[in-house]
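[1] sequence unknown, structure follows:
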């Protein structure tokens, strides 16, 4: 398994380089002008100067290699410096700078990470906590009232878009009842129980909106996987052994059913880092999703390039993690 | 059974196992599959009762229903004189050590995520207060009994061959010292070379541990080898039940005759004379069995009465039972 | 202090409760929502409105424009003019004198060097300064002494208030930005995210495209201001959600740029937590009245000055058309708080706004009918007026947009009441405004009798805008239909005024000319102004002192804002 992991990691390097190059080409070819969003009163000469100052005058390969140098060499060195306090070389290195904010992209990402992980990450956790029991009970009592209601709610979760559920929640809980804030305050710091409660309240709605969609997905998966396993012969064996029904379901069926579900959850984690573009907009969480969409709208190529590439790395990594997890959870699978 | 003064271990009386069929948006019940439709027989202590029939005739369902892996629709089940047809929950669970099952597919019936050791140990955990060491010793003892290498206790089922997996299944079934074991086609999924080994193991264990088997199979020659008595099932009902020799030599029911005619004879001389009776048509659906005798649609000796009246399952002497209108007048 | 004095003091305080006389930083936090969040706090590197307005809390120009478009001295004591000698006779230099004692938020004094540096910063060719156009024609900026700055222009500038006036060219601190000249500008993240300023607030935290936190500037020149201790400047979401958070949930005090349907806004306003306010700039929705004949039978010469319009050149007809329109209804239906009735094509700044055309403000069907009768148009059997066998029938075009189509339908109805038949037409905006030479549907070609759209000008000075209706601006095949004189208005008298405008200095004198030009266009009936359009923002009922200005940052007077308890 270790050899397999190392081999996969080595293979990931050329893959990721190729991905970064393709992203760069696509972004370069796509229409979009970083000065396009400026007011019409700014004359074309000034626009041209701005473009030159952003480095757009240089040919494509040079720009790509510069980005590679900045991202693969300068940024890691900078991180090492920050963690250790050492100065490597002169300490003067050009980092990947966003065009719209003129600040290092990696700093922006780090700045956005907490709210994204809090809200989107928590929604995944909540979703798993809700979805697994629902999936188990729905499958165990297939076609019961509980299962029918579960199916109905899942359908809602699947089919109703987050901008709609988000709006409904805001109208109910913020406008009508006034219980929860509709705007997420990213400057809020948790220092004591009181501020923790504020944090919980401001996270409640975006988390639930996202969790509804994820719950629908995972609970369906869980149900299907449980149904698959409930009809297996080994379950009958377990019953014939005279095990308690609880042990039959929780130990035999659930553990085997979790294998594909765990994979689905693991593969969903890069999406957590990708943020939730729409939900972040509705509740003004301003996490990574909003950063990406603003970058795209403003043709902020270094930002979009770097973010997309980070997502690519995460997707490759979590695919590997999912595969390795599968191997650990299912003894039948061997990687050699 | 006056002429057979043996102890009855299991008594089955009018056992019916019907499964509802649902259809439509509201999932209304639109019919029932009569998988088992009225079985009556007894299994004597220490014997092997063979249960034979074509695929889909309900023999596996019967086996599972007798072990109360299903809730029977109707009928009475007794083991050691105790009625178990309606007991539930812990009462049923506490009976499990007495009766066990060996399954057809040794791969599917073992939890792929548990080691052999824990598969065998699990029922001990559940039903017997044993220390860890005692349990371990018992697991190894059982593995010895079924001829498995002790070193393999930490391995997973997929690492074994089919025959070895069936031995695991047997060891697991034996763990609680059961009296009665339903063997549901235990050799059907195995290579021919392995079949004999497993059958010999079963015989061996029966002798040593005094087990009683209900041996479900569609392999008539294997049943002939193992069973003391044989029951033939067709479409959810037993058509004939007799001691082995009587059934194989003098079958009374046309269906049994047809079945036996299909078995190749090891003796080349008689094999040459063997006249096969080829049944016409398909087995009717158990959701919609024919009126009268179940076999009337395919019986080569069908009479008018067969299509209207269900023949009774009667005793015709020497433990020979059958259900056929042909025999009524004799 | 005696007890009696204290009591009177308390009484005064309660009378003016929470008013601008309160102490600095006594009103807690101000929550502002800009749904498009600022990405940087240095307006020289962005050029976007959101960045400019966020930065206006911190950095200031020498003078700002108030809500009427009048200049207000900020870092100086008086606005330089020809009269006070601040502007040279040849109109090529302007000299600003900084106020005494203005200090940066770090306590160091503001000097002329900072102003000079700001010019150098923005005009450095490698810096990519987005506000460079504010320094057009500036040849030199020099510090005459520590508090005097002299700006020299390469040409005569009758309106020399481009550099360092208004939100677009605030003063940067030399000490802070000295290392950030030219190509280095982009690397100064720390400076760009937290510029040091002279304004009422300082930056305490800035998260690009997300949120900014400001705190009251301890060194602000007015010791009683600002009233708020901190400002939370949040971004994200969309315009409707921003409006909701002020008007319905009350989580925010102020929200910006709420281009949302008026009925949605008025519904939210019904919750009673806040109101919609608008700043009116120079945008006017107007109907252009074609003075040339758009008849397709004329072939290549259609829409050119060779063929005058058969009846729209009669100013009685266009006046009747204008009188027949009930502009109040148009505002109510399509614009709400974001629009008001106007009778001028140059409605603002206040000094330039004429009051001579107010006859159009109220609908007068009778007067309109009388005018048409007088002009010889008789009502026919189908209710449409005719004259010499010609029907009074108009082709009315505009761009595709639900508000515009609503307005078209209303006007068609109003015109039918005076016997005018109208055929409506709408053209996709990208075609209508696209300027494609091959398309017959552009607003420049104007192959219709009347057309409707909005136009405006940037800044407060209408010189170039008013020159749009000179003879040489008429679009024609000869100039590839380029030109802004859509109605093809041509009047030598008007052209003379355009020339005079370019030579006149002093706001009053310039205003007099602009008003004269506006009135000339109104009298000629070539433009029928409809609605003065504004930018709506939402303000909480607990927020006082807001004076929205379209000429400068909306938040230009945030130092005067306070909490109403």
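    Perfect, thanks for sending it. These numbers come from a predicted model, not from an experiment.
[2] From chain B, how far out is the residue in the stretch 1-150 of chain A that chain C sits nearest to?
    Per C-beta to the nearest C-beta, residue A:53 is where the stretch 1-150 of chain A lies closest to chain C, at 2.8 Å. For glycine as for every other residue, the C-beta is placed from the backbone atoms N, C-alpha and C. From residue A:53 across to chain B, the span is 61 Å (C-beta to the nearest C-beta, to the nearest Å).
[3] Give me the neighbour count for that residue.
    For residue A:53, the count of nearby residues is 22 (other C-beta atoms under 10 Å in any protein chain shown).
[4] near chain A, which residues of chain B?
    Chain B comes close to chain A at residues B:22, B:27, B:64, B:67, B:69, B:93-97, B:100-101, B:103-105, B:108-113, B:122-123, B:126-127, B:156, B:158, B:169, B:172-173, B:176, as judged by C-beta under 8 Å from any C-beta of the partner chain.
[5] Please repeat the previous calculation with a cut-off of 6 Å.
    Residues of chain B that fall close to chain A, judged by C-beta under 6 Å from any C-beta of the partner chain: B:93, B:96, B:101, B:103, B:105, B:108-113, B:122-123, B:126, B:156, B:158.
[6] Please, a ChimeraX command that selects the buried ones among those?
    The buried residues among the residues of chain B next to chain A can be selected in ChimeraX (16 or more other C-beta atoms under 10 Å in any protein chain shown) with this line:
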select /B:93,96,101,103,105,108,109,110,111,112,113,122,123,126,156
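[7] need the contact list for residue 54.
    Just so you know, I chose chain A. Shown in contact with residue A:54 (C-beta atoms under 6 Å, 6 or more residues apart in numbering or on different chains): residue A:99.
[8] that's the wrong chain, I wanted chain C
    Here residue C:54 is in contact with C:38, C:41, C:212, C:233 (C-beta under 6 Å, 6+ apart).
[9] With respect to chain B, which of the residues you listed is nearest?
    Nearest to chain B among the contacts of residue C:54, counting by C-beta to the nearest C-beta, is residue C:212 at 53.6 Å.
[10] Can you report how many residues lie near residue C:513?
    Residue C:513: 19 neighbours (other C-beta under 10 Å).
[11] which residues touch it?
    Residues near residue C:513 by C-beta under 6 Å, 6+ apart: C:497, C:501.
[12] any idea of the pLDDT on it?
    Here, the pLDDT recorded for residue C:513 equals 94.
[13] In the helix or strand hosting it, which residues are buried?
    Using DSSP states H and E, residue C:513 maps to helix C:507-524. For helix C:507-524, the neighbour count (16+ other C-beta under 10 Å) marks C:507, C:510-511, C:513-522, C:524 as buried.
[14] now that helix, how far from the chain's geometric center?
    18 Å (C-alpha atoms, centre = their mean, to the nearest Å).
[15] And stretch A:320-336, by the same measure?
    Worked out by C-alpha atoms, centre = their mean, stretch A:320-336 lies 23 Å from the chain centre.
[16] pLDDT on stretch B:89-107, on average?
    86.
[17] So what would you say the end-to-end distance of that stretch is?
    End-to-end distance of stretch B:89-107 (C-alpha to C-alpha, to the nearest Å): 28 Å.
[18] what does it rub up against?
    A:233, A:240, A:242, B:67-68, B:109, B:127, B:162, B:165-166, B:169-170, B:173, B:176, B:178-186, B:188-189.
[19] Quick one: classify residue B:119 as helix, strand or coil.
    Classification of residue B:119 by DSSP: H, G, I helix; E, B strand; the rest coil places it in helix.
[20] Distance-wise, check whichever residue of chain A sits closest to chain B relative to residue B:92.
    Per C-beta to the nearest C-beta, the residue of chain A with the smallest distance to chain B is residue A:242, at 2.7 Å. From residue A:242 over to residue B:92 the distance is 8 Å, taken as C-beta to C-beta, to the nearest Å.
[21] thinking again about what came up before, residues in contact with the residue of the stretch 1-150 of chain A closest to chain C?
    Contacts of residue A:53 by C-beta under 6 Å, 6+ apart are residue C:128.
[22] can you give me the strands for chain B?
    B:8-23, B:28-44, B:48-52, B:74-79, B:82-83, B:99-102, B:180-184, B:212-217, B:229-234, B:237-243, B:314-315, B:321-322 (DSSP state E).
[23] sec struct for residue C:168, please.
    On the basis of three-state DSSP, residue C:168 is classed as coil.
[24] Specify the stretch among the strands of chain B that is closest to residue A:195.
    Smallest distance to residue A:195 across the strands of chain B (C-beta to C-beta): 54.3 Å, for strand B:8-23.
[25] Spell out which residues of the stretch 151-300 of chain A are next to chain C.
    Proximity of the stretch 151-300 of chain A to chain C (C-beta under 6 Å from any C-beta) is limited to residues A:174, A:175, A:181, A:182, A:183, A:186, A:187, A:281, A:284, A:286, A:294.
[26] my guess is residue C:526 contacts residue C:289, does it?
    Yes - between residue C:526 and residue C:289 a contact is recorded at 5.3 Å, counting by C-beta atoms under 6 Å.
[27] Now do whatever residue of the stretch 1-150 of chain C ends up closest to chain A against chain B, distance only.
    Residue nearest to chain A within the stretch 1-150 of chain C: residue C:128 (2.8 Å; C-beta to the nearest C-beta). Note on residue C:128: its distance to chain B, by C-beta to the nearest C-beta, is 62 Å.
[28] Look at the closest residue to that residue other than its chain neighbours and report its pLDDT.
    In space, and not counting its chain neighbours, residue C:128 is closest to residue A:53: 2.8 Å by C-beta to C-beta, 6 or more residues apart in numbering or on different chains. On the pLDDT scale, residue A:53 is placed at 78.
[29] Quick check: phi and psi at residue A:53.
    phi -70, psi -20 (degrees, to the nearest 10).
[30] Which residues of chain A lie near chain B?
    Checking chain A against chain B by C-beta under 6 Å from any C-beta, the hits are A:232-234, A:237, A:240-243, A:252, A:255-256, A:331-332.
[31] Now for residue A:183: which residues touch it?
    With C-beta under 6 Å, 6+ apart, residue A:183 has these contacts: A:284, C:245, C:251.
[32] hmm, back to that, and the furthest pair within the buried residues of helix C:507-524?
    Farthest pair in the buried residues of helix C:507-524 (C-beta to C-beta) is C:507 and C:524. Separation: 25.9 Å.
[33] got the strands of chain B as TSV, with distance to residue C:187 columns?
    Below are those laid out as TSV (distance: least, C-beta to C-beta, whole Å):
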stretch	distance to residue C:187
strand B:8-23	71
strand B:28-44	74
strand B:48-52	86
strand B:74-79	86
strand B:82-83	88
strand B:99-102	76
strand B:180-184	77
strand B:212-217	82
strand B:229-234	87
strand B:237-243	90
strand B:314-315	103
strand B:321-322	99
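[34] right, so of those strands, which gets closest to residue A:103?
    strand B:8-23 (62.7 Å).
[35] From the chain's centre, how far out is that closest one? Work that out for me.
    Worked out by C-alpha atoms, centre = their mean, strand B:8-23 lies 14 Å from the chain centre.
[36] Paired strands for that strand, with orientation please.
    If you go by DSSP bridges, strand B:8-23 pairs up with strand B:28-44 (antiparallel), strand B:74-79 (antiparallel).
[37] Which other helices and strands does the helix or strand that contains residue A:28 contact?
    Under the criterion of DSSP H and E, residue A:28 resides in helix A:2-29. Helices and strands touching helix A:2-29, by 3 or more C-beta pairs under 6 Å, 6 or more residues apart in numbering or on different chains; DSSP states H and E, are helix A:301-329.
[38] so for the helix it packs on, what's the average pLDDT?
    Helix A:301-329 comes out at a mean pLDDT of 89.
[39] Just confirm yes or no for it near chain C.
    No - Helix A:301-329 lies out of reach of chain C by C-beta under 6 Å from any C-beta, never closer than 9.7 Å.
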